[in-house]
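Colleague: any chance you can model this:
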Amino acid sequence: MYFINKDEQLSTIKIGEIINAFRVNEVPKMNRYYNYYLGKQDILRKVVNDDTKPNNKIVTNYCNSIVATYNGYLTGKDITYTSDNDISDIQEILNYNDVSFEDNTLLKNSLIFGVSYEVLWVDADGKQRFKYLDPREVIPVYYNTLEQELAYVIRFYSVNNTDLINSEFYIDIYSAKEVQNYKSDSSFTSFQLLDMIPNYYQQVPVIVFPLNEEWESIFDKIMSLQDAYNTLLSSEVDDFQAFVMAYLVLQGIDDVDPEALHLMRTNRVLQLPQGGSAEFLTKNISDTQISNMLDSIRDSIREISACPDFNDNAFGTSSGVAIKYKLLNFENRAGSIEKQMTMALQRRIELICAITSLIKGEDVWRDIQIIFTRNLPIDYADITSMINNLRGLVSNKTLIAQLPFVTDVDAELEAVEEQNAANASLYNFSSSGNEVEDDELLEG
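Modeller: Residues are numbered from 1 along each chain as shown. Purely as a prediction, here's the structure:
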């Protein structure tokens with residue numbers, strides 16, 4: 001994190017110092033995170049001194065799997081925004097910006113890089129827009145106070161990503177008053193002011209979503225285990241391949257013609273003199289030991305990341321209570337991430353409300369509920385059994401609230417009452433009507 005004194009202006013000299021420090025201290029770490037997420041891991045740089053020996057480079061990408069699991073668990077089902085107030089105008093802005101995709105990407109970037117960012121602006125048509133930013137190009141600057149209020153956000157980027165040394169960079173400085181646009185070379189020592197745009201939000205229009213206090217990737221703590229797993233598995237395949245390519249040892253033969261060896265290999269027949277023998281020179285491989293080591297590393301990865309393996313057969317055969325115990329650490333970690341993301345999304349809503357004309361200055365954003373729905377298979381039979389067992393012990397409203405597909409409990413209760421009334425009317429015969437029918441029958 002970068003700080004500035006409350007009474008200090010962010011000069012271009014300071015901007016250059018911050019960007020250069022960020023490129024040295026933070027960008028390499030973030031690039032490594034991104035490479036590990038993509039599968040470009042250290043094992044791919046493995047070398048052997050002997051070119052004739054196998055050199056397998058196998059990547060089992062747990063980093064990618066962990067990110068996908070947490071991301072799918074928290075945003076696989078769309079985050080919903082509800083309020084007792086009329087927020088149709090806010091919902092329209094969210095939908096216009098494809099909020100489900102933005103939420104998913106915002107979380108994914110935070111899981112990978114340890115932090116993610118989103119910028120808001122008003123486009124030429126007067127519509128509010130928001131979009132995620134590449135965390136490797138964004139630097140938040142805070143006031144050096146107890147509140148650590150966000151003072152500025154620096155974004156630097158190049159249109160020529162193939163040559164970052166000689167290319168020109170564009171720099172956007174977001175503050176509460178305006179957005180300044182500069183151009184600079186890769187040294188960031190000389191800045192050319194291009195434009196100054198008013199900031200209608202009157203706040204820094206950038207959302208900061210740190211994943212944790214350390215601003216570390218979700219898989220930061222298991223990267224060394226990831227390397228160990230790749231190395232061990234690649235070495236095991238190397239050994240097996242070396243076994244297939246083992247040397248043939250001929251005993252009791254003084255001299256073997258290379259042409260004769262070629263014919264033997266081609267015809268798959270060995271012609272040996274009396275007393276001669278042949279066998280392969282192989283290395284003893286302990287498959288059990290290697291398998292145990294791989295299992296141990298995999299278990300450590302799962303334990304440290306608190307990320308379960310949903311492909312485990314145990315999830316398909318365990319009871320609902322047993323599965324909840326298996327997911328306890330995972331849920332605790334996911335709950336912590338949810339709290340961090342909720343604060344970021346509240347910040348987005350606050351910024352949207354700051355200039356939405358229909359809000360008329362009211363703090364409507366404070367009453368908006370941001371609801372995450374866990375993306376897990378639902379055991380409806382278990383839920384139904386629980387509801388039936390509790391019938392008569394708790395209110396119908398509480399029972400209906402346990403049904404995951406019911407989003408508005410009061411509306412559902414009203415619909416049930418209307419349905420019961422309609423069913424009752426089918427069997428509601430008036431007494432006068434019955435008397436008429438009886439008289440008619442008597443006359444007949």
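Colleague: the strands in the stretch 151-300 of the chain, which residues?
Modeller: Counting by DSSP state E, counting those that start in this stretch, the stretch 151-300 of the chain has strands at residues 169-174, 178-184, 191-198, 206-210, 247-251, 277-281.
Colleague: want to throw those into a markdown table with mean pLDDT, mean neighbour count and distance to Q289?
Modeller: C-betas here are computed from N, CA, C, even on glycine. What follows is these, written out as a markdown table (pLDDT from 0 to 100; neighbours: other CB atoms under 10 Å; distance: least, CB to CB, whole Å):
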| stretch | mean pLDDT | mean neighbour count | distance to Q289 |
| --- | --- | --- | --- |
| strand 169-174 | 96 | 21 | 53 |
| strand 178-184 | 96 | 17 | 57 |
| strand 191-198 | 95 | 12 | 60 |
| strand 206-210 | 97 | 22 | 42 |
| strand 247-251 | 68 | 11 | 24 |
| strand 277-281 | 66 | 11 | 21 |
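Colleague: which one of the ones you listed lies closest to A401?
Modeller: The closest of the strands of the stretch 151-300 of the chain to A401 is strand 206-210. By CB to CB, the value is 30.2 Å.
Colleague: pull up the pairing partners for the closest one, direction included.
Modeller: Paired with strand 206-210 in the same sheet, following DSSP bridges, are strand 115-122 (antiparallel).
Colleague: next SSE downstream of the partner strand?
Modeller: strand 128-133 (DSSP states H and E).
Colleague: now do that following strand, average pLDDT.
Modeller: The average pLDDT within strand 128-133 is 96.
Colleague: what of stretch 394-404?
Modeller: 81.
Colleague: what lies in contact with that stretch?
Modeller: 373, 378, 383, 386-387, 390-391, 406, 409-410, 412-413, 416 (CB atoms under 8 Å, 6 or more residues apart in numbering).
Colleague: any idea which of these is closest to I323?
Modeller: Nearest to I323 among the contacts of stretch 394-404: I378, at 11.6 Å, using CB to CB.
Colleague: which SS class is the closest residue to that closest one other than its chain neighbours?
Modeller: What sits nearest to I378 in space, not counting adjacent residues and going by CB to CB, 6 or more residues apart in numbering, is P404, at 5.6 Å. Classification of P404 by DSSP: H, G, I helix; E, B strand; the rest coil places it in coil.
Colleague: before we move on, the earlier item: so among the contacts of stretch 394-404, where is pLDDT lowest?
Modeller: I378 (71).
Colleague: run through the residues that contact I352.
Modeller: I90, I93, L94, L120, Q128, F130, W365 are the contacts of I352 under CB under 8 Å, 6+ apart.
Colleague: re the thing from before, how about TSV for the contacts of stretch 394-404, with neighbour count and distance to I58 added?
Modeller: Listed next are these as TSV, based on neighbours: other CB atoms under 10 Å; distance: CB to CB, whole Å:
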residue	neighbour count	distance to I58
T373	14	37
I378	12	37
I383	14	43
M386	14	46
I387	16	49
L390	13	52
R391	10	56
V406	13	48
V409	16	52
D410	9	56
E412	17	53
L413	16	57
V416	12	57
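Colleague: need those residues in CSV (columns: distance to L146).
Modeller: Formatted as CSV, these follow (distance: CB to CB, whole Å):
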residue, distance to L146
T373, 36
I378, 45
I383, 47
M386, 48
I387, 49
L390, 48
R391, 53
V406, 45
V409, 42
D410, 43
E412, 47
L413, 48
V416, 53
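Colleague: restricted to helices, list these.
Modeller: I383, M386, I387, L390, V409, D410, E412, L413, V416 (DSSP state H).
Colleague: and the gap between the second one and S395?
Modeller: Just to be clear, that refers to M386. To S395, M386 is 15 Å away according to CB to CB, to the nearest Å.
Colleague: now do Q128
Modeller: In terms of CB to CB, Q128 sits 41 Å off from S395.
Colleague: for those two, indicate the residue with more neighbours.
Modeller: More neighbours surround Q128 than the other of Q128 and S395, with 22 against 11 (other CB atoms under 10 Å).
Colleague: assign the spatially closest residue to the more buried one that is not a sequence neighbour to helix, strand or coil.
Modeller: Spatial nearest neighbour of Q128, excluding adjacent residues (CB to CB, 6+ apart): I93 at 5.1 Å. What three-state DSSP gives for I93 is helix.
Colleague: returning to what we had before: and of the contacts of I352, the nearest to Q192?
Modeller: For the contacts of I352, the minimum distance to Q192 (CB to CB) is 25.9 Å, reached by L120.
Colleague: for the closest one, what are its contacts?
Modeller: Q128, R129, F130, Y201, P205, V206, I207, R348, L351, I352.
Colleague: as a markdown table, those with distance to Y33 would be great.
Modeller: Formatted as a markdown table, the contacts of L120 follow (distance: CB to CB, whole Å):
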| residue | distance to Y33 |
| --- | --- |
| Q128 | 31 |
| R129 | 27 |
| F130 | 24 |
| Y201 | 30 |
| P205 | 26 |
| V206 | 21 |
| I207 | 20 |
| R348 | 24 |
| L351 | 27 |
| I352 | 30 |
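Colleague: many thanks, I have nothing further to ask.
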